[in-house]
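S.K.: Give me coordinates for this.
(one chain, ligands or ions: 2)
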Amino acid sequence: MSRIYAFANQKGGVGKTTTVINLSAYLASAGLRVLVIDVDPQTNATTSLGINHRKLAQSIYDVIVSEVPLAEHTRQVKPNLPLHIIPSSPALSGAEIELVDLHGRETRLRAALRPVRDQYDYIFIDCPPSLGLLTVNALSAAHGVIVPVQCEYLALEGLSQLMTTINLVRRSLNPGLDVRGLLMTMYDSRTNLSQQVVDEVRKHFGRLVFQVVVPRNVRLSEAPSYGQTILTYAPKSPGGLAYQALAMELIAGDNTKREADPQSISGSNETDPEPKVEGV
Ligand code: ADP
Ligand code: MG
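M.R.: Ligands and ions are numbered 1, 2, ... in the order given. Purely as a prediction, here's the structure:
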């Protein structure tokens, strides 16, 4: 049974793409079958995984807008690693508008995933920095949302808007949608501010915040320019160790959920309390 997670935060530059590509690399290296779906027209996940979108005839755009079967656009990132991607392309920037008049505009990605989702253990959807129809498609298709939050001043700003969108999607399109976790990123141990932000987010969101905190580490920003993930570029760096630990935390939590509540996997945990965001 696959777990489908949307990585969403309408703020740009908070670590969505960095988390998607590195976490997926660690999970795939553990033998898990992982599919990354890049739904950001900026194509960062696609290029970071070493794929040149200019050389591609088709992309996730054709899947969402023209209903081309998703399996036709799935590519293996590297031989011998069970990591696949459905690339994005700049054409996707027009999709937000084109989708408005199309039938099932909020659920096209979910429909496209249905025939293939059982072929993967994890499906990660890298969202654009907005709460438009592409992000709504990702939220409609997912079991859970993972929200990267940068350890910076005003980190909580915007989160209540994201939670409102998640609650709307849960009510109208995807009752099983869960907030899987908030991930604190770019933690700088030299400043008090980083720790204050982590404390504040934990105070508001409690156990929804992952134990692992990703440090600010230049290796993480260098790796994509070599077409590598941190797993091969600098696995012993603080960033590498953090994403390795996050992969273990994610798997452990998902296994507990499977044992504790198989219903939540099949997507019907309507009685889950909604996250408290008042006053955020
Ligand atoms: P998003 O997808 O949310 O827009 P990215 O993952 O692309 O954010 O990250 C924004 C920038 O910050 C990128 O240049 C990335 O390499 C860099 N970055 C992300 N996480 C870290 C980190 N933990 N330490 C240092 N740089 C990071
Ligand atoms: Mg991104």
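S.K.: The closest residue to ligand 2 within the chain and L220: what is the separation?
M.R.: Closest to ligand 2 within the chain is T17: 3.3 Å, counting by Cβ to the ion. (Each C-beta comes from the backbone N, C-alpha and C, glycine too.) From T17 over to L220 the distance is 11 Å, taken as Cβ to Cβ, to the nearest Å.
S.K.: One more: G132?
M.R.: 27 Å.
S.K.: Equivalent analysis for A8, please.
M.R.: For A8, the distance to L220 equals 20 Å [Cβ to Cβ].
S.K.: same check, this time on A234
M.R.: 8 Å.
S.K.: Which positions in the stretch 1-150 of the chain make contact with ligand 1?
M.R.: By Cβ under 6 Å from any ligand atom, the residues of the stretch 1-150 of the chain that approach ligand 1 are 12-18, 44, 129.
S.K.: Any of those residues buried? List them.
M.R.: Among those, those scoring as buried are 14-18, 44, 129 (criterion: 16 or more other Cβ atoms under 10 Å).
S.K.: Tell me where the stretch 51-200 of the chain has strands.
M.R.: Here the stretch 51-200 of the chain has its strands, by DSSP state E, counting those that start in this stretch, at 75-76, 83-86, 122-126, 144-150, 178-185.
S.K.: and the stretch 151-280 of the chain, which residues reach ligand 1?
M.R.: 185-186, 214, 216-218, 220-221, 239.
S.K.: Would you mind listing which of these are buried?
M.R.: Neighbour counting over those (16+ other Cβ under 10 Å) leaves 185-186, 214, 216-217, 220, 239 as the buried ones.
S.K.: coming back round to it: using TSV, please lay out the buried ones among the residues of the stretch 1-150 of the chain next to ligand 1 together with pLDDT and secondary structure.
M.R.: Shown next, in TSV, are those (pLDDT from 0 to 100; DSSP: H, G, I helix; E, B strand; the rest coil):
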residue	pLDDT	secondary structure
V14	97	coil
G15	98	coil
K16	98	helix
T17	98	helix
T18	98	helix
N44	96	helix
P129	97	coil
